[in-house]
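[1] just need the structure, nothing else, for what follows:
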Amino acid sequence: MNAARAVAKKTIEDKQAELRKEVFGLLDPELTWSRKTAKGFTTIPRTMPLIGAIMDALSGKGKPVARTFLELWCRSNDDGFVTLSKQAETAFASGFSGERTVSTWKERVRRLEELGFLITKPGVSGNLHYVQLWNPYIVIKYHKGQDTQGFRADLYHALFERVQDIGARDLD
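    Alright, predicted model coming up:
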C-alpha cells in the first residue's frame, strides 16, 4: 500500500526524470543546464514561442517584436520591471545591428507599447529608460476581443490548446 502511495505522489518532474533516464540513460549533469544550480535565469511561460508568434502577427509584416519582448523579459525579474541603462547592449541582444541598431530597437519597443504589452517611462537614458511588462496573456485576450488587425485565430487557438495541455489558467 505504501508503494502505491509513493507512485501516486510522483511529480511531473519525477516522471520526466524517469522517462529521460529510460530514453537517454544516465547523463553527465554538467552537460545540461539547470536553473536550480545555475545563476542568471528567469521564469518564462512555456507558451512563449506562441506568444511571440502572436505578437509578431499583431505588429505587422516586417516589424517583428517577439525577440525584443523576449530580451526585455529576460532582463526583468518576475515583476516585469526593466531599467534600460544599456540600450545598445539590449538592442544588440534583441537581434539588431548596424547603424540603426538602437533606433530600430526603440521602434520595436514603441510598437510593443502601442500593442499594450508594456509601458515605458523616461529616466536618465531618455524617454525610454524604464519598462513595465504586462502579462502577455491578458494583452492577447484583449486583442482577441477587439478583433485587432493582424490577430490570427489559428495562433490563438494553438496558444489556447497549449495552455490547456500544460494546465495553465491564464486564458480563462
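
[2] where in this structure is pLDDT low?
    1-8 (pLDDT under 70).

[3] which parts of it belong to which domain?
    Under the assignment automatic domain parsing, the domains of the chain span 2-31, 48-166.

[4] got TSV for those, with mean neighbour count and distance to Lys39 too?
    All C-beta atoms are positioned from the backbone trio N, CA, C, and that covers glycine. Compiled in TSV, the domains of the chain are given as follows (neighbours: other C-beta atoms under 10 Å; distance: least, C-beta to C-beta, whole Å):
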stretch	mean neighbour count	distance to Lys39
domain 2-31	9	15
domain 48-166	16	13
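
[5] switch those domains over to CSV; also include distance to Phe41.
    Output for those, formatted as CSV (distance: least, C-beta to C-beta, whole Å):
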stretch, distance to Phe41
domain 2-31, 16
domain 48-166, 9
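
[6] so which of these gets nearest Ala38?
    Ranking the domains of the chain by distance to Ala38, with C-beta to C-beta as the measure, places domain 2-31 first at 11.0 Å.

[7] let me see the ranges of the strands in this structure.
    With DSSP state E as the criterion, the chain has strands at 81-83, 118-123, 126-133.

[8] on contacts alone, who are the packing partners of the second one?
    When contacts are defined as 3 or more C-beta pairs under 8 Å, 6 or more residues apart in numbering; DSSP states H and E, strand 118-123 packs onto helix 101-114, strand 126-133.

[9] make it 6 Å
    strand 126-133 (3 or more C-beta pairs under 6 Å, 6 or more residues apart in numbering; DSSP states H and E).

[10] neighbouring strands - and their directions - for the strand it packs on?
    strand 81-83 (antiparallel), strand 118-123 (antiparallel) (DSSP bridges).
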